[in-house]
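1. show me the folded form of this:
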Amino acid sequence: MENPLHNGLSNKPLFENNIKLNMNMTQANIRTRYAPSPTGKFHIGGARTALFNYLYAKHMNGKFIVRIEDTDITRNVEGGVKSQLDNLIWMNIKPDESLINPGKYGPYKQTDKLLRYKELAYKLLKEGKCYYCFCTEEMLNEQRQNAIKKHLTPKYNRRCLNLSKQEIENNLKNNVPFTIRLKIEDNKLIEWDDLIRGHVAVPTNSLTDPVILKSNNYPMYNFSVVIDDYDMRISHVLRGEEHLSNTPYQIAIRNALGMNDYEIKYGHLSVIVDETGKKLSKRNTKLIQFIEDYRNMGIPHEALVNFLALLGWHSNSNNEIINIHDLIKEFDLPAISKSPAFFDIKKLLWVSSQYIRSYSDELYLDFVKHFLSVNINEITDNEDLLLLSFKNQLSYGKEINDLIKNSFGNINLNNVSQNLLDFMKLDSSKKVIACLKNNLLKIDLLTMQTSTTLINNLKNELPEIKGKNFFMPLRVVCIGMEHGVEMNKIFTIVGKKRILNNIQHFLD
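-> From the prediction side, this is the model:
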């Protein structure tokens, strides 16, 4: 691969008047990225960021890259990388380049390129753009507290900026721990045209001199991310608005490294808020916030993608149900909102239900059987009909178990309420039950067709009994409840033998 620093470190000063990213792109292709840290499960916010980068790349016939930012080793968790990649692929957000399908711009994990970060940090040090910092944590904390007491923004006081060569050599000789800091030039503006928020200008006097290399030789986030984006030729970065404060530092680092032969465009997405209007927090345990949990509860992946796409973006067609192909076709940056996006769980369940309803019966059965935990054999031999009976009621896969229990959980008549027992003692109820028994004895097998014929025959024989007085005794004698699915389905699901046994239960 061509040396990414070629023609990068020029003799020009670090800052020429204002620092502004306005170079013409030389890349032929759009390249976006999702760069998670393996510090936990795949979160809703990260999933939306990944999706927006994916949709934009695909809309522009570009490439979507996934890399792992794992240099914060104290926070990394076992299985963190697997959770990110597995759930991305489950959502059908498939990277063009990643750890599992690398391209020519790797490595795709930061801990595999520690030497590169270190070399570039020392290169900046040699060029006088950075300096050693020997301040201890205690000293830095004291500086921070003093600034807070004076109602000032905490900034590093540059105590180590002007150390003499001799002081530096003595400290290094004595193995005094140190970090490396970038010197931010004073009295300038760092500017960029944000894809979502418009023009942004940050005075350098509001910034601190950032650490770029820690004492353990691991890079700081803002340093490694700049190098990675350049090495991978990333053209567009869509990310959460919490990264707005990182952007001026990254532009300053990028300029210091001379990595400005093409432009990176930044866009900062709005926050996602919960039902109280507060930014999503893991402390809000009432709201499920991890993709894996929605996957396990049975939200179809295409429904989740559809829902996440509408968190801060709107379709020009105003459609609420949009498949991935149409999302790619319609997705554009001007339609992304700066306003907070409301995570509405009711809307997610509605979107999910629409996708489930759209499934063919075969696809629906294959989907829902993965989440089935109740023992259907205790209810019926007609499993498919039982499951299909709830197709238009289902919001997520696991809900099938509650729907079955709520409709057929009392099929043995063990817990019939006293109100229903009293209702069954009415003369009209007894007539309905007696008529049902007589007609059942004439039928060999209850199918949907024979069950429909049975209901019509009962209506013809009992014209004086209508509505609730007609249907409730039938439901109660079959399932021990007054509500349920359509009556012909109940007859077919429960079966002739069990219904006759239940009728005898009431007659006795």
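
2. can you show me the strands along the stretch 101-250 of the chain?
-> Assigned by DSSP state E, counting those that start in this stretch, the strands in the stretch 101-250 of the chain fall at 130-133, 179-182, 189-194, 198-203, 211-213, 236-240.

3. what does the shortest one rub up against?
-> Counting by Cβ atoms under 8 Å, 6 or more residues apart in numbering, strand 211-213 makes contact with 117-118, 121, 124, 130, 133, 179-182, 219-220, 222-223, 253, all of which sit outside it. Backbone N, C-alpha and C define where each C-beta goes, glycine included.

4. at 6 Å what do you get?
-> 121, 179-182, 219-220, 223 (Cβ atoms under 6 Å, 6 or more residues apart in numbering).

5. quick one: mean pLDDT over it.
-> Mean per-residue pLDDT for strand 211-213: 98.

6. just stretch 296-316 next, same as before
-> Stretch 296-316 comes out at a mean pLDDT of 97.

7. need the CA coordinates for that stretch. CSV is fine.
-> The C-alpha trace of stretch 296-316 is given here as CSV (Å, rounded to 0.1, in the frame of the first residue of the first chain):
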residue,chain,number,x,y,z
ASN,A,296,-34.1,-12.7,21.4
MET,A,297,-37.7,-11.4,22.0
GLY,A,298,-38.5,-11.9,18.4
ILE,A,299,-38.5,-8.5,16.7
PRO,A,300,-37.9,-9.3,13.0
HIS,A,301,-34.6,-7.9,11.9
GLU,A,302,-36.2,-6.0,9.0
ALA,A,303,-38.7,-4.4,11.4
LEU,A,304,-35.9,-3.2,13.7
VAL,A,305,-34.0,-1.8,10.7
ASN,A,306,-37.1,0.0,9.5
PHE,A,307,-37.7,1.5,13.0
LEU,A,308,-34.1,2.6,13.5
ALA,A,309,-34.0,4.3,10.2
LEU,A,310,-36.9,6.5,11.3
LEU,A,311,-35.0,7.7,14.4
GLY,A,312,-33.9,11.0,13.1
TRP,A,313,-34.6,10.5,9.4
HIS,A,314,-37.8,10.7,7.4
SER,A,315,-38.9,9.3,4.1
ASN,A,316,-40.0,11.8,1.4
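
8. and the residue nearest to L280 when sequence neighbours are not counted, what are its bridge partners?
-> Closest residue to L280 apart from its sequence neighbours, by Cβ to Cβ, 6 or more residues apart in numbering: I272 at 5.1 Å. Beta-bridge partners recorded for I272 (DSSP bridges): A341.

9. please name the residues that touch I272.
-> 45, 280, 311, 341, 343.

10. okay if I get the residues you listed as a markdown table plus secondary structure, neighbour count and distance to Q166?
-> Below are these laid out as a markdown table (DSSP: H, G, I helix; E, B strand; the rest coil; neighbours: other Cβ atoms under 10 Å; distance: Cβ to Cβ, whole Å):
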| residue | secondary structure | neighbour count | distance to Q166 |
| --- | --- | --- | --- |
| G45 | helix | 21 | 49 |
| L280 | coil | 17 | 52 |
| L311 | coil | 24 | 57 |
| A341 | strand | 20 | 56 |
| F343 | coil | 22 | 58 |
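
11. from the residues you listed, which has minimum pLDDT?
-> L280 (86).

12. quick one: it from N401, how far?
-> 28 Å (Cβ to Cβ, to the nearest Å).

13. also A201?
-> On the measure of Cβ to Cβ, A201 and N401 end up 56 Å apart.

14. E142 too?
-> Taking Cβ to Cβ, one finds E142 at 58 Å from N401.

15. likewise L474?
-> With Cβ to Cβ as the criterion, L474 and N401 are 25 Å apart.

16. what about these two, which has more around it?
-> L474 (21 against 14; other Cβ atoms under 10 Å).

17. low-scoring stretches of the stretch 401-508 of the chain, by residue?
-> Of all residues in the stretch 401-508 of the chain, none has pLDDT under 70.

18. can you show me the helices along it?
-> 418-424, 427-440, 448-461, 467-479, 487-494, 496-507 (DSSP state H, counting those that start in this stretch).

19. could you identify which of these is most buried?
-> helix 487-494 (a mean of 22; mean count of other Cβ atoms under 10 Å).

20. thinking again about what came up before, of all the helices of the stretch 401-508 of the chain, which one comes closest to E362?
-> helix 448-461 (17.7 Å; Cβ to Cβ).

21. which elements pack onto the closest one?
-> The elements that helix 448-461 packs onto, with contact taken as 3 or more Cβ pairs under 6 Å, 6 or more residues apart in numbering; DSSP states H and E, are helix 427-440, helix 487-494.

22. the nearest residue to F331 once chain neighbours are set aside is in what secondary structure piece?
-> With sequence-adjacent residues excluded and distances taken as Cβ to Cβ, 6+ apart, F331 is closest to L55, at 4.0 Å. Per DSSP states H and E: L55 is located in helix 44-59.

23. helices or strands up against that helix?
-> Short answer (3+ Cβ pairs under 6 Å, 6+ apart): helix 44-59 packs on strand 31-34, strand 63-66, strand 236-240, helix 301-309, helix 324-330.

24. among the ones you listed, which is the most enclosed?
-> Mean neighbour counts for the helices and strands packed on helix 44-59 (mean count of other Cβ under 10 Å) peak at strand 31-34, with a mean of 25.

25. relative to the whole chain's centre, how far out is it?
-> Averaging C-alpha positions (Cα atoms, centre = their mean, to the nearest Å) puts strand 31-34 16 Å from its chain's average.

26. quick revisit: how about the contacts of strand 211-213, which pair is most distant?
-> Every pair of the contacts of strand 211-213 checked by Cβ to Cβ; the farthest is R181 and P219, at 12.7 Å.

27. and I89, how many neighbours does it have?
-> 15.

28. chain center to the strand or helix carrying it: distance?
-> Per DSSP H and E: I89 is located in helix 80-90. With Cα atoms, centre = their mean as the basis, helix 80-90 stands 11 Å off its chain's centre.
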